[in-house]
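Dropping the sequence and predicted coords here.
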Amino acid sequence: MMKTFFNKRLTFATIVVVSVLVTAISSCKKFLDVKPTDVTRAQDFLGDYWDAQYMLRGTYEELQPLVDYMFVLGEVQADWAKPGTGADSDIVQLAEHRVKPTNRYTNWGPYYDLINRANYLIKNIYRVPRDQNNFSLFMMNQYIGEAKYLRAFAYFHLIRNWGDVPFTTTPVDDISKVSYLSVTPQNTILDSIENDLTQAFTNTDFAINVFNEDGTLRQSNEQTRHRVCKGTVCALQAEVYLWRNKYAQANAACQAWFNTGQYPFILNGSGPTIGDHWFDIFTLGNQLFNEPMFMVNFSYATRETSTLMALTSNDPASGGKYVVAPSDVAIKAYNPNWPNSVSVTNTATDDAYRGFGGTYAGGAPSYNRVGSPNPVIWKYLGTGKVAPATIDVPPPVRLPYRSEGDFHITRQGDMYLLWAEALNRVGDKSNAISKLNAVRGRAGMPTYPSTTATTSTNDQIEDLILKERGLELGYEGHRWYDLMRVARHGRPRVLIDAVENRAPASLKPYLESTLTDPNKWLLPYNANELQLNPNLKQH
Amino acid sequence: MIRSRHQIIRFWGLTILGFGAFYTAFGQNSTSPAKLSKIDSLRALINQRDVQDSQNAQNPDVGYLGVKNQPSIGTISVLQDNRFKELTSQSIGSLLQGQAAGVHVINTSGAPGSGALVNIRGISTLNAGTTPLYIVDGVPVRSIRNQYPLALNADNDPLADINPHDIASIAVLKDAYATAAYGVRAANGVVIVNTYGGTSGKTLLDITLNNGISFVPKELSVLNADQYKSYIIDEETSRGQTPAQITSGMGRYLLLSTPSNQRWRYSNNTDWQQQVLSRGSFNDFHLVLRGGDAVAKYSLMAGYTNQGGVITGTSFDRFSARFNLDYKVGKKLTFLNSLTFIRSDKVLKDEGNAPNTNPLLLATLKSPTLTTLQHDPTGNTLRDPDSSDYAGRNNPYAIIYRMRDENNSNRIFGRITGQYTFSPYLNLRIGIAADFDRLNELRFVPSAGFLPVTYVQRYSAQANSTELMVLNENTLNYERVSKSGDHAFSAYLGNSFQSTSLDAKYVKAINSTADQFLINTNDPNFIDSIASQTPTWRLISFFAGTQYSYKSKYTIGANIRADGSSRFAAGHQWGYFPAVAVSWHATKEDFFKPGSFLSDLTLRASYGITGNDDVGYYSAYNYIVASPYQGYSAVKLGILGNPDFTWEQTTQFDGGIDFSVLKNSIELTANFYNRVTGNLLNSIALPGISGFRSYTVSEGSVRNRGVELSLSTHVKKGSFAWNSGFNISFNTNTILSMPDRTNPIVNYPGGFSTILKAGSPVGAFYGYNATGVYARTSDVTLKNGATNAIPFKGGDMIYEDVDRNGVIDTNDRKIIGNANPKFFGGFHNTFSYKMFDLTVFMDFAYGNQVYNAQRAALESMSNYDNQSTSILNRWRQEGDVSAMPRLQYGDPEGNARFSSRWIEDGSYLRFKAVTLGYNLPLKSARLNSVFKSVRVQVTGQNLYTFTKYKGYGPEVGSAVNQIMYGADYASIPQAKVVYIGVKLGL
């Protein structure tokens, strides 16, 4: 038996097999460690400063889906817009202030996506090896500052839409981090927002510098508008402080913004020599440096498009669904004689630069027809101002489906009017009027006389500012939040009247009874979210 | 569980020692295999094949379990070539239909070159792959379909690359003992395919020539132009239009107010189904040359197949060549080689749920008043197809003649195995195998006849995917029988390394200058999208098995496989798949007298674990994915990885009895099995505050339990013989558990729903139960939704109020059907009389339901699509009693909602193949000197189907989206084919 066991052939075979196996086992681990080439494992990422840049830009990317929310929630609930003929029930619910928890705009996912990306960057950016030339400590802190701004920005929108919301600064990078949070009181979140913004102001730069081919730095006008700088932070600070009735701090934030020295105000719309250039704000984008401060960029070439053309256009060939249309109230605010006529020069009441052909226009195919039955919001459709005419001329309209108009999150016009609001409330009426007049003057409108400061109450000046914000910033997603902000400090009629004036008469009793309760200004929590998160209870 | 490397080494060390000990125990008293008595186990069918086909005896293959000298104790169904030679199906999967107990096959499409869905012993997954593991001559071949074919929902079954004429036998491994040897890939079963090997001595040349046609399937009855016009007028009336409004509105398209220069467009009576369907041809040539001697054996096969489909213009062309060569180098060393090359070309069309590009679906929905080609005012036909219409429907003629979907694939696979024979009992095999497949797809959607989709007027898309699998497998095989013949022992031990990488690329170019150009060359502005996918996955395996048999009465076997897979996170890569089996061959006991009524009785049982690793590649880790911004590169944390993510794991018990009486003239095999699959691939929804929407988990379980019966009879009387094989399988499938926080109701595109919750079957239809039509408005007692905004009226559907609250809403949905048959099977008969033979092959399925989505569109009566003639009997006025509800534009009442109204019985019994053959008596010496045999035959496929199903055919489903069980979006029916064949043996 032993003889057979040690049979030479078997021994040989065993040695062969064993050696093959041993070699095999020792290389097992390496063999099974397959790094994918079409995606990257998170653990293999953030290895150099390029990765850091990609991750930062990917955080900003989440602003793109939020544009839909900012536009729809900011406009449809307020008085400047109304549901168009293509509005679905979700849009009508928002316009009528009877939003159900199943409404798609109650899904706050995209805001928290932005928060999670910001949280992830804040936690992980330290992994990028630092070096003085490419990724200095200053640069790393700048990235963190930008992420903190974005986080604050998302939370500020969340609390304005929903009130108390779940609050986290921990990135979800593991299933155990998925927490089923209940809500945090909004004042706690606002404190955190203020804190984040203070740090963001400290850490960000005055402008964005990018590398030249030779490795030296230059200031990029384009990136300065697409990324967060100190001035951008000030704008959000001003709005947050105003929201919290902290007028002195709001005024200080505006002053700090001015002190950055980055924003000389171009009065590009005033005077016959400069001409009617106000609409360039929405078309020139990168060339018109001083007006835009922070905007969301879209690029058709890489198929990054917004929903704005589908929402606002009435031309099916462009993919327009005419979901949101300018309200009669808004149109009359620009051009009181519409639909009969519009003035071609600015008068005290007729806004020739910002009105017909600028903020809104006639509907397709006759964008230039005054009194068109389907007026459209023009800011995201036009490539130039439309001149009112009675004959059809080829309109300066974006090509079908190329919904790549920039969406301004904040710009100097916004900033000046926020400043005016703060000054008015701290008691400096005359400076408030001068900021207001700067914006009016830029749009070629007659300015308010300086005596307005003495003849008007604070509330009356606030009304003028609010109206100017409508005219200047129409359809840029501010309107509903502006109404809420003013209404919140003791003037709820401003909001209620505005919404009622836009709505059909039959709806007024319902709106009157609903909107007197400030809690009804908020959106309900989403039904699906309530189902998935047992700790969240409908408010 | 064994985890560390040291433990693995120790494990193998012990196994090798055990191996040696057995060798010692049996080494002394054994005889050489040549002297062994033939094992007469009925079930060792592979051995029978060796007997039948002695030329190939050296190379039998049912995988690792191919033990020659012992009863086979795994549950394996083996099909010999005579069972599928006559079939015109071109894919291994479809050849298996009705052939083997427990193997449920659905031919989801009758397009030429399509494959089939094969479910062995029930559906054991919810979201993972269902494809069995296919091994062809030792090569685990690519069998998993491309999930995103350019031709929507068209089957691109990689198994259609293998020419059925090359196949000598197919073995289906079903129980855990047979499949556990394949570990983490085996839970869906294993199919082992053997092609013809060489001969020793004789040289044989077989030439097969088949020519035939496939017939046009029966058209569905839809409205003609006049009926359609009055239907549209009723439709417009139902939305409150006055006759004057109708005349000036839709009347433009109904010749009521059509401008004279447009009349050519709307004054037709086109039978669109006739435009889309046509007769196909079937041509098939095959050649096998086999020969060899004691040193080398070879077989050379070449084939060409051309099939035309029933959808006009579709075709499948395949050229295949295969060379198998076994040769000896010296006394000890043998090389086993095989190499296959296949080129196949397909012209195909969209299928399934693509209402505007699936020609068969669209042909029934397109208005009959419209025309194929444009006309000039004098009535002459012009060159251009008519444009898309007022209902938003494309022109089916343009889909058939102007839209292009073409595929071709080049595939090479083969292996080289060196076998070193240490002794008659022990050999070592070291093999390498590879499978290379390149699939090129082209799609072009022109402008003429098509509705533009957003900014895309026309587009062309191309996709190229290359998959390369490389395998090294080493096995040591030992097999010995003691001198007394009482003890038989075998064992194998081995390891393998397998690496597969896919490189798939896709590009879509849009808006070329004109329909004559696919792309504008060198113009980057026309590139709309580019995508690529390049996963690589690897598998390391160690396996061992042993089987012992005492006097052929008692047999016990055990095997284990350890698989390490790169698809899972480090530390979670290794799985262990053991199995055991026992059998008792009762008739070998002394108390059974030879020659008694009972000629054979064997009892078997097995138990073991297998896995299913077809669960994707990207679930184990956190992944960074691209999210470009401003046209620059940018990224985000896109996938939240689950480090505990794992394969699906199936535990299976199998009990069987083999029984034959009257000198084996009646043989019965019965099996019972219970399979429980856990760690199901599932996705749970996350709250929005997490920053993610879903998370992949391995949770949930499903059970399949069933009985399989196979009966074969052999009758021979003089020159008459009748051989039959009947099989029937009963399977019940039940979801046992689901993860928390999943929504059990799953809605599929196309409007149908299923429910996945404990207690339900996989493949249930979940919807409203329609019980009739209200004859009068006064009969209505139920509210339509809580607010009853649009109340039910006379002529609306009556739905069952499941929760008895007087309101019909989403809570009144229930399970209204099950896509799984209660039983299915086949009946194969061969009658022979002298030189004639007749084969009759039937298959059947009973008790399964089908969602007839095509009928749902054809009877919705809510839009401008053409409708079925059945709507002529619709409810029209108060008091009408009809099963067909009223017509209502837009269907505000929800009469067409997903309900039992669209669920039909999918049971069928079909004459799948009938063949009459005649073997020429080669009496003349001149013929005899040339031919060894000459056979002519005529075969009819799918000659008749008994079914109540109202669609084109009862076999439905989606080859691409396999979890959409039982939904029929105008599936292309199985063609009725008649062909004449000649087989020459030289």
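Yep, that arrived.

Please enumerate the strands of the stretch 351-500 of chain A.
A:360-361, A:376-377, A:407-411 (DSSP state E, counting those that start in this stretch).

Quick check: which of those strands has the most neighbours on average?
Each of the strands of the stretch 351-500 of chain A was given a mean neighbour count from mean count of other Cβ atoms under 10 Å in any protein chain shown, and the largest, a mean of 31, is that of strand A:360-361. All C-beta atoms are positioned from the backbone trio N, CA, C, and that covers glycine.

Give me the neighbour count for residue B:828.
Counted by other Cβ atoms under 10 Å in any protein chain shown, the residues lying close to residue B:828 total 23.

Give me the pLDDT for residue A:258.
The score at residue A:258 is 94. That number is its pLDDT.

ugh, wrong one, residue B:44
At residue B:44, the pLDDT value in this model is 31.

try residue A:268
Residue A:268 is assigned a predicted lDDT (pLDDT) of 54.

likewise the one 10 residues further on?
Reported pLDDT at residue A:278 in the predicted model: 86.

and if you look at the one 4 residues further on?
At residue A:282, the model reports a pLDDT of 88.

If you drop the residues flanking it in sequence, what lies closest to it?
Counting by Cβ to Cβ, 6 or more residues apart in numbering or on different chains, the nearest residue to residue A:282 once its immediate chain neighbours are dropped is residue A:379, at 5.0 Å.

so how far is residue B:239 from the closest residue to residue B:790 other than its chain neighbours?
With Cβ to Cβ, 6+ apart as the criterion, residue B:790 has its nearest non-adjacent residue at 4.7 Å, and that residue is residue B:892. Distance check for residue B:892 against residue B:239: by Cβ to Cβ, to the nearest Å, it reads 10 Å.

what's the neighbour count on whatever residue of the stretch 351-500 of chain A ends up closest to chain B?
Among residues of the stretch 351-500 of chain A, the one nearest chain B by Cβ to the nearest Cβ turns out to be residue A:401. It sits 3.9 Å away. Residue A:401 has 19 neighbours, counted by other Cβ under 10 Å.

pretty sure residue B:654 is in contact with residue B:610, am I right?
No: counting by Cβ atoms under 8 Å, residue B:610 is not a contact partner of residue B:654; they are 11.8 Å apart.

Now list whatever residues contact both of these two.
With contacts defined as Cβ atoms under 8 Å, 6 or more residues apart in numbering or on different chains, the residues adjacent to both residue B:654 and residue B:610 are residue B:176.

which of these two has more neighbours?
When residue B:654 and residue B:610 are compared for neighbours, residue B:610 comes out ahead with 33 against 26, by other Cβ under 10 Å.

Might you report the residue contacts of that one?
For residue B:610, the contacting residues are B:176, B:179-180, B:182-184, B:186-187, B:577, B:579, B:649-650, B:652, taking Cβ under 8 Å, 6+ apart as the criterion.

ok so, going back, switch the strands of the stretch 351-500 of chain A over to JSON lines; also include mean pLDDT.
As requested, the strands of the stretch 351-500 of chain A are exported to JSON lines (pLDDT from 0 to 100):
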{"stretch": "strand A:360-361", "mean pLDDT": "94"}
{"stretch": "strand A:376-377", "mean pLDDT": "96"}
{"stretch": "strand A:407-411", "mean pLDDT": "95"}
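
Ok, which of these comes nearest residue B:494?
Minimum separation from residue B:494 across the strands of the stretch 351-500 of chain A (Cβ to Cβ) falls at strand A:407-411, 62.7 Å.
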